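Q: Below: sequence and its predicted model.
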Amino acid sequence: MDLKLDHHSKDGIEIVDVEGEIDVYTAPRLRELLIELVNNRFYQLVVNMEKVEFLDSTGLGVLVGGLKRVRAHDGSLDLVCTQERILKIFRITGLTKVFGIHDSVDEAIAARRAEK
Amino acid sequence: MATVELSFTALPAHVRTARLVATAVARRSGVDESLLDEVRLAVGEACSRAVEGHQLHCPAEPVRLALTDLAGRFEVEVTDTCGPDGLTSGGASGAVAGEDDPEGSVHAVLPAGLGMAVLASLADDVQISATPAGTSIRMSWPSAGSSLVR
């Protein structure tokens, strides 16, 4: 399945819904969306990966790039992911320590609010 | 002789096809369902790396993928023709990470060659060797034997 991207605001945080496969072919589209959001001054992001079927290191690079961009504006980029197959690559690479990874969008928003 | 051989133009769009073919043949070869995600990810990382290398060094040359059903093992070989610098010209993540952050500071978190590290952690047997034309990545997983000949 190709990559589907959508985004909407919830409680002042921009939620990015990602569906499909994030790989060397599709990752540039996600990168462009994250750049566009940051350029439009959305610095609090939650990337919902519940419908992501595949993620490789190229996709990880894009997520880390997005995190760096929002952090440059004192922002945040949290992830929503409960799928073991996706979480595994975050564990392998040690990125579970870099991203806040949550079980639901509401939990991610609540965690972000609690940090403020 | 490989069970299935695939040769594809070095374009990112074809990496998904390579993953799908490898996963299908692995399943047919009796690789346990619990390992198929690892096969899919490892093949994707190896092919992404080869495609990126080819786009830098030899875009007209195809990337080759060989899938072999051995006795009790399912073996995958991804062969590139990127020349001797292929291994050091960035990994599956390196080129994109660099593009993503022109300052290169993203490498402090995501080093170039991360894809190779991911790959090495997925297959329980990985051999990377230089060929006269480039690099060969050979990896394998246990299998229960082919259902193709039954």
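A: Perfect, thanks for sending it.
Q: what about residue B:77, which SS state?
A: Secondary structure for residue B:77, judged by DSSP: H, G, I helix; E, B strand; the rest coil, is strand.
Q: how about it, what does it touch?
A: B:2, B:64-66, B:68, B:136-139 (C-beta atoms under 8 Å, 6 or more residues apart in numbering or on different chains). Every C-beta, even on glycine, is put in place using the N, C-alpha and C of the backbone.
Q: okay if I get those residues as JSON lines plus distance to chain A and secondary structure?
A: Formatted as JSON lines, the contacts of residue B:77 follow (distance: C-beta to the nearest C-beta, whole Å; DSSP: H, G, I helix; E, B strand; the rest coil):
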{"residue": "B:2", "distance to chain A": "23", "secondary structure": "coil"}
{"residue": "B:64", "distance to chain A": "17", "secondary structure": "strand"}
{"residue": "B:65", "distance to chain A": "15", "secondary structure": "strand"}
{"residue": "B:66", "distance to chain A": "20", "secondary structure": "strand"}
{"residue": "B:68", "distance to chain A": "23", "secondary structure": "strand"}
{"residue": "B:136", "distance to chain A": "20", "secondary structure": "strand"}
{"residue": "B:137", "distance to chain A": "14", "secondary structure": "strand"}
{"residue": "B:138", "distance to chain A": "19", "secondary structure": "strand"}
{"residue": "B:139", "distance to chain A": "15", "secondary structure": "strand"}
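Q: And the buried ones among those residues, selectable in PyMOL?
A: Remark: buried members of the contacts of residue B:77, expressed as a PyMOL selection using 16 or more other C-beta atoms under 10 Å in any protein chain shown:
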select buried, chain B and resi 64+65+66+68+136+137+138+139
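Q: Where is pLDDT lowest across the contacts of residue B:77?
A: Among these, residue B:2 has the lowest pLDDT, at 71.
Q: residue ranges of the helices in chain B, please?
A: B:13-28, B:33-57, B:94-100, B:114-122 (DSSP state H).
Q: Next: chain A.
A: Remark: helices assigned in chain A by DSSP H are A:27-39, A:57-71, A:84-93, A:105-115.
Q: Nearest to residue B:44 among the ones you listed would be which one?
A: helix A:57-71 (8.9 Å; C-beta to C-beta).
Q: From the contact counts, what lies against the closest one?
A: Under the contact criterion of 3 or more C-beta pairs under 8 Å, 6 or more residues apart in numbering or on different chains; DSSP states H and E, helix A:57-71 touches strand A:13-22, helix A:27-39, strand A:44-55, strand A:76-80, helix A:84-93, helix B:33-57, helix B:94-100, helix B:114-122.
Q: between the ones you listed, which one is nearest to residue A:61?
A: Nearest of the helices and strands packed on helix A:57-71 (C-beta to C-beta): helix B:94-100, 4.0 Å.
Q: Please report how far the spatially most central residue of chain A lies from chain B.
A: In chain A, the C-alpha nearest the mean C-alpha coordinate belongs to residue A:47, at 3.0 Å (C-alpha atoms, centre = their mean). Residue A:47 is 15 Å from chain B, where distance means C-beta to the nearest C-beta, to the nearest Å.
Q: Was I right to think that residue contacts residue A:86?
A: No: contact between residue A:47 and residue A:86 fails when scored by C-beta atoms under 8 Å: they sit 11.4 Å apart.
Q: can you pull the contacts of residue B:5?
A: Applying C-beta under 8 Å, 6+ apart, the residues contacting residue B:5 are B:64-67.
Q: among the helices of chain A, which is the most enclosed?
A: Ranked by mean neighbour count, the helices of chain A are led by helix A:57-71 with a mean of 25 (mean count of other C-beta atoms under 10 Å in any protein chain shown).
Q: What angle do strand A:44-55 and that helix make with each other?
A: Computed by axes from the mean of the first three to the mean of the last three C-alpha atoms, to 10 degrees, the angle separating helix A:57-71 from strand A:44-55 equals 180 degrees.
Q: Show me the beta-bridge partners of residue B:140.
A: residue B:75, residue B:125 (DSSP bridges).
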